[in-house]
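# I need the structure of the sequence given here:
(3 chains)
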Amino acid sequence: MSAPLLSVEHLDVVYDGTITALSDVSLTVAPGQVVAVLGSNGAGKTSLLRAVSRSLQPYGGAVTGGTITFAGQDLAGADAADVVRRGLVQVPEGRRIFRDLTVAENLRAGGYTVRDKAARAEACDRVFDLFPILAERRDQPGGLLSGGQQQMLAMGRALMASPQLLLLDEPSLGLAPLLVDQIGEIVTEINRQGTAVLLIEQNAVMGLRVAHAASVLEIGRVTASGTADELAASDDVQERYLGVAVPVVATEVVESEPAIPTAEPPQRLRVEGLTVRFGGITALSEVSFTVEPGTVHALIGPNGAGKSTLVNVLGGTYRATEGAVHYGDAELTALRPDRVAGLGVARTFQNISLALEDTVEDNLLVGRHRLMRRGLVPGMLRLPGARREEREHRETVGGIAEMLGIAHLLRTPVHTLAYGDRKRVEMGRALAARPSLLLLDEPVAGMTHGESQEMAETIRQVRRDLGLSIVLVEHDMPFVMGLAEQVTVLDFGKKIAEGTPAAVQRDPEVLRAYLGAAAA
Amino acid sequence: MSYLLEQVLNGLSYGLVLSLIAAGFAIVFTSTGVLNFAHGSIVLLGAYLVAVLHDSIGFWPAVLVGLAGAALVGVAINAVLVRNLADKKPDTAAILMLGVDIVLLTELTRRIGNQVLTLGAPWGASVVRFGDVSLPTGRVLAAGVTVVAFGALWYLFSRTDLGVGMRAAAADGPTASLMGIRLSRTAATGWALAGVLAAVAGIFLTSFPAPGVAPTVALSAFAAIPAWVLGGFDSVPGAVIGGLLIGLTSALVTGYESDLEPFLGSGFGEVAPYVVMIVVLLVRPSGLLGSKEAVRV
Amino acid sequence: MSDLPRRISGLVLLLVALALPLVMSDFWLQTGLFVMATAIGAVGLTLLVGVAGQLSLGHAAFAAIGAYVFAWSTGESTTSVSGLGLPPVLGLVLAAVVSAGVGAAFSPIAGRLRGIYLGLATLGLVFVVRHLLVNLDQWTGGFVGRSVEPFAVLGFSFSNRDPDYLAIAGVEFSGLHRLWYLFLLLAVVAIWLASNLRAGRTGRAWANVRDSETAAAAMGIGVAGAKRSAFVVSSAYAGVAGAMLALAYGRVAPDVFSLTASVDFLVMIVLGGLGSVAGAVVGAVFVTSLPLVLAQYSSALPFLAAPGSGGLDPSTAARIVYGLAIIAVLVFLRGGLAGAARRLRARLRPTPAVGQPAVAAPSRSKETTR
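The predicted structure follows:
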């Protein structure tokens, strides 16, 4: 085999000095090869690309160990602009085209490093050849293009620099199966013209189809690597990423009395004909489902399916364009988010949102805000009532911390905590609000297998002891299988299936949404 | 009638000068996210350099030094201070610029002392007549130079790699750097441009009919803040429109002060731009031409 | 507990502040009055900007309202200006209440704007208030301002009259001494209230609104209400500070409450560390006393020239030192003096071991959600 074009050896990446994103990751890309890196949310795939394209720094990340060699040269000390000039160009996740610039101007920005006019014209011709639609719409602002066209523009923009190695971050994200296949063909064509490709994908089917070799990244480590065919045949990869034969643990429906008698009993949550549009984009379209009191209801679907949008509507953060959400007798869609919280609806966030400088105890106490009654003046004067209230709520919060196993961290500022503990603190803050409906937005994203098992156990325990309803938004199908009584599956903002975990898992629509058109 | 016309023309030419300053605010803000409270000092610095140098090296060379000096100081502030902020939040950067403004303005004030430095502009106190309307030559020249300057800016931002790169960097810095665009370079260019525009504005603000270079000139930059806000925080064309509107408003309010005084009090011309600004921020927080502030959850 | 050293040092500081007037000259007493007045203003501003995250360049406008309401409500009507002739205690309360009311009236604007956008709107407020001060001359005295009645409670005056001569243990208590104790009382109460506020339910709510309005609302915190209450409290503090400045000067004039004064307040809290009550007080000591002290002792400092000689005069030197201090703190000291103190304490005290760092992707890698 010839000398590798890109060689990553024993790479470690850390964010904000405390959070490890990658450890001891090694990988090579030979000239003219397509290499795929597979893995679920939070596995560290994007961090790997950022390390290679030297763009970690704006996100607070840093390479703390290992080397990255490109075309025989060590990239240590090179900045993002240097690597582009050396022929290594990244297409970022989510396309990130310049929306206010025209298509032609986007391409011009892509060719920024090419000083030679003829070379630039040639690259431009090649891009228009690959993507005729871009030539057609060259004078329109990038923001007016559709999702698939934006992905093409993002790839074309990168090709303007005529790279030796193209880094693609989730090109299939949020695209319809047909478009995913088309993008896959374009990647193959780009490779045929002589450009090596490092492809990051959650969609394992697409990734393995276009790649020569692949690695599987899990929680910052490479857990499997080999040729695409070897990996496609491996049991482990089949089970985890190709959705074959996932064992379903039957959930017993527990009819339990609430352990905290003062909590308001959960109500029925009814989502009716919910549509949400942002500008021209329809994020949710006529979604309806019902969450029975005291059950765990999972919302699953690929990235970009509209799950987070739905949680944000339930919590009152986003407005519904059409349709309504009722919780008992209250219409959530007509209320401000703080009023929704006042009804006993608490939530966690996909991107943890805690007060980092404050202690765990203070963060948990924020959850008690709606249950505390003393206002500004008694608090300022430290009247006896306010002091007593503060003391009582500190005790309650201590009990919650105990239950979640973070009692020893109560006096610790959150910014010193590890990621898994932060997730637990956020869960604790939501529980401190004594909810009757708990919205969990990707509670195990970025956790190790063991940690996510622990979290599953915590969720079961919470439901059993507190008798509340839980809406669980998850990306990871196996995780919800053992946990939820009912599953609603979203794809492109539409409900495509609903039922028990076992039924949903066999649904052909679901298989296609998760695994691409080829699987159906 | 000719009084009204004169006030309008005066307001428009003053507004164009304001729009140079406002465009500087917009360019620095889009290229580095900094609310440049030291912009007034840079306006003053440009005029001051011309005033102290024109005797020894002649007016036009002094103008060149003034423009270059203002640009360099801007670039240095960005490279040495803004990029090294311990806490990179817009609020913190704005407060940093207040500190820079205090240092620069205090030092320039000390150097100028109680004197009013003249600029030595060749057009002096001459006046141009159009029919029965007369305007100071400096004001007419200011209008012409400003129009040329904005033409050049338009060409830069839409027809050159550097300009398109700057717009890309302003829209999404991390992504732009993936195209090989060096953010440090686009930022430095932005600060330099703002400095040049500020110095040009400074020269016109301190030549006839103004008496000369005095520290109060730095306050004119504050009058350009409403113009900038009015046009939209990230829009150069917006800055032009904002400048013209604010220039007209202050000229008319000042020109008809005796008629307005019973309702609005004396000196309302100075406050009118800020009143307009508060109203605009309330009704249309993104200004007339600005893009909407995206709120991400 | 960790509170104990803090309480002891607070007590020591209080005793020192009580004893100081016995030994200090009139210059230092006067400086102390200005420091205590501005410290209260700074504490109010750090609650607004540091804790609740609402950038304000308009603090001087609220202080001006407090000062003028105090001067007008306690002053007597003369041929040029009107006054209500109310008791000064009532005037002080009125100053706080009216400022707070204007803050409440301004808060809908604050509800719509964030960050520097809000900063710019409050900047406009300074110019508008100044225009009103100059033009409403039958109440304000216009450009020249108006004089302020000395403070008095139940016939006891905080000036050199009523009683004409007061001495305790052989030390004469002049008007400055009496005002010192009045100001000290107000400052201690203001600091105590602010610290309680910061540590309790309201303070936590404000800090969460600052960190993420979305998360705060999801926890049941009414965002608009939290911002309004922050504006009201901070304006009330500014109002009291303004009234105290009026008392310390014995006069009010529009120039005292210019944009520079707003910037000074902001600088105090930035130097001290945003959100820190103690930091705001330290910042006020530095910013307020620096120019006064340099001016007083300029003859003793060889590098300073006399004002107007074109050399480095004391007020110029003070402003340059103070501009450089802002720059230095922002570039080198993350979190201001309070942040530096916190880091120092953390380094001196061994921290309990925190769980092993888990291997995980950071939340930032998911920034591309719509």
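# how about the strands in the stretch 1-150 of chain A?
Across the stretch 1-150 of chain A, reading from the start of the chain, the strands by DSSP state E, counting those that start in this stretch fall at A:6-15, A:19-29, A:34-38, A:61-70, A:73-74, A:88-91.
# alpha carbons of the first one, as CSV, please.
Coordinates of the C-alpha atoms in strand A:6-15 are reproduced here as CSV (Å, rounded to 0.1, in the frame of the first residue of the first chain):
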residue,chain,number,x,y,z
LEU,A,6,-4.0,11.3,6.0
SER,A,7,-2.8,9.6,9.1
VAL,A,8,-4.2,10.2,12.5
GLU,A,9,-2.3,8.5,15.4
HIS,A,10,-3.4,8.2,19.0
LEU,A,11,-5.4,11.4,18.9
ASP,A,12,-6.8,12.9,22.1
VAL,A,13,-9.2,15.9,22.1
VAL,A,14,-10.5,17.7,25.1
TYR,A,15,-13.1,20.6,25.3
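# picking up where we left off before, nearest to chain B, of the strands of the stretch 1-150 of chain A?
Comparison of the strands of the stretch 1-150 of chain A against chain B by CB to the nearest CB identifies strand A:88-91 as nearest, at 4.9 Å. The way it works is simple: take the backbone N, C-alpha and C, and place the C-beta from them, glycine included.
# now whichever residue of chain A sits closest to chain B: closest residue in space that isn't a chain neighbour?
As assessed by CB to the nearest CB, chain B sits closest to A:Val84 within chain A, at 3.2 Å. For A:Val84, the nearest residue in space outside its immediate sequence neighbours is B:Gly180; the separation is 3.2 Å by CB to CB, 6 or more residues apart in numbering or on different chains.
# for that neighbour, what are phi and psi?
Dihedral pair for B:Gly180: phi 90, psi 10, per degrees, to the nearest 10.
# residues contacting it?
Contacts of B:Gly180 were listed using CB atoms under 8 Å, 6 or more residues apart in numbering or on different chains, and they are A:80-81, A:84-85, A:89, A:112-113, A:161.
# where does chain B get nearest to chain A, residue-wise?
Using CB to the nearest CB, B:Gly180 is the residue of chain B that sits closest to chain A, at 3.2 Å.
# follow-up on the earlier one: so who does the residue of chain A closest to chain B touch?
Counting by CB under 8 Å, 6+ apart, A:Val84 touches A:113, A:161, A:163, B:178-180.
# let's have those in CSV, adding distance to B:Ala86.
Output for the contacts of A:Val84, formatted as CSV (distance: CB to CB, whole Å):
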residue, distance to B:Ala86
A:Thr113, 32
A:Ala161, 35
A:Pro163, 36
B:Leu178, 27
B:Met179, 29
B:Gly180, 29
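# of these, which is the most crowded?
The most crowded member of the contacts of A:Val84, judged by other CB atoms under 10 Å in any protein chain shown, is B:Leu178 (29 neighbours).
# quick one, what contacts the residue lying closest to that one once chain neighbours are set aside?
If the residues on either side of it in the chain are set aside, B:Leu178 comes closest to A:Gln90, at 4.9 Å by CB to CB, 6+ apart. The neighbours of A:Gln90, taking CB under 8 Å, 6+ apart as the test, are A:49-50, A:52-53, A:55, A:158, A:166-167, A:169, B:178.
# could those be laid out in TSV, adding pLDDT?
Listed next are those as TSV, based on pLDDT from 0 to 100:
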residue	pLDDT
A:Leu49	91
A:Arg50	91
A:Val52	92
A:Ser53	91
A:Ser55	87
A:Ala158	94
A:Leu166	94
A:Leu167	93
A:Asp169	90
B:Leu178	92
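# let me have those residues in a markdown table, extended by distance to B:Ser220.
Putting the contacts of A:Gln90 into a markdown table (distance: CB to CB, whole Å) gives the following:
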| residue | distance to B:Ser220 |
| --- | --- |
| A:Leu49 | 48 |
| A:Arg50 | 45 |
| A:Val52 | 49 |
| A:Ser53 | 45 |
| A:Ser55 | 41 |
| A:Ala158 | 45 |
| A:Leu166 | 51 |
| A:Leu167 | 49 |
| A:Asp169 | 48 |
| B:Leu178 | 40 |
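# by mean pLDDT, point me to the weakest helix or strand of chain B.
Every helix and strand in chain B was compared by mean pLDDT, DSSP states H and E; the lowest is helix B:257-264, with a mean of 74.
# name the residues that touch stretch C:271-288?
The set of residues external to stretch C:271-288 that reach it, using CB under 8 Å, 6+ apart, is C:31, C:34-35, C:38-39, C:41-43, C:45-47, C:49-51, C:191, C:194-195, C:198, C:207, C:264, C:267-270, C:322, C:325-326, C:329, C:335-341.
# extract the CA atoms of it and return them as CSV.
What follows is the C-alpha trace of stretch C:271-288 in CSV, where atoms were taken according to Å, rounded to 0.1, in the frame of the first residue of the first chain:
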residue,chain,number,x,y,z
LEU,C,271,-13.2,46.1,37.8
GLY,C,272,-14.7,44.5,40.9
GLY,C,273,-16.1,41.5,38.9
LEU,C,274,-19.6,41.4,37.4
GLY,C,275,-22.2,40.1,39.8
SER,C,276,-20.1,40.5,42.9
VAL,C,277,-21.5,42.8,45.6
ALA,C,278,-18.1,43.1,47.4
GLY,C,279,-16.4,43.6,44.0
ALA,C,280,-18.8,46.5,43.2
VAL,C,281,-17.8,48.2,46.5
VAL,C,282,-14.1,47.8,45.9
GLY,C,283,-14.6,49.1,42.3
ALA,C,284,-16.4,52.1,43.7
VAL,C,285,-13.6,52.8,46.2
PHE,C,286,-11.0,52.7,43.4
VAL,C,287,-12.9,54.7,40.7
THR,C,288,-14.3,57.4,43.0
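# would you mind measuring from C:Arg334 to C:Val321?
Noted for C:Arg334: a distance of 21 Å to C:Val321, by CB to CB, to the nearest Å.
# so which bits of the stretch 101-250 of chain A are right by chain B?
The stretch 101-250 of chain A has residues A:101, A:105-106, A:108-110, A:112-113, A:157-158, A:161 near chain B, with proximity defined as CB under 8 Å from any CB of the partner chain.
# show the buried residues in the residues you listed.
A:101, A:105-106, A:108-110, A:112-113, A:157-158, A:161 (16 or more other CB atoms under 10 Å in any protein chain shown).
# could these be laid out in a markdown table, adding distance to chain C?
Conversion of these to a markdown table gives the following (distance: CB to the nearest CB, whole Å):
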| residue | distance to chain C |
| --- | --- |
| A:Leu101 | 19 |
| A:Glu105 | 22 |
| A:Asn106 | 17 |
| A:Arg108 | 24 |
| A:Ala109 | 19 |
| A:Gly110 | 19 |
| A:Tyr112 | 22 |
| A:Thr113 | 24 |
| A:Arg157 | 16 |
| A:Ala158 | 16 |
| A:Ala161 | 22 |
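# closest to A:Asp24 among the contacts of A:Gln90?
Using CB to CB, A:Val52 is the member of the contacts of A:Gln90 that lies nearest A:Asp24, at 15.8 Å.
# show me the contacts for the closest residue to the closest one other than its chain neighbours.
Leaving aside its chain neighbours, A:Val52 sits nearest to A:Ile68 (5.8 Å; criterion: CB to CB, 6+ apart). Residues in contact with A:Ile68 (CB under 8 Å, 6+ apart) are A:6-9, A:11, A:51-52, A:74-76.
# out of those, flag the one nearest to chain C.
Within the contacts of A:Ile68, distances to chain C taken as CB to the nearest CB reach their minimum at A:Ala51, with 11.9 Å.
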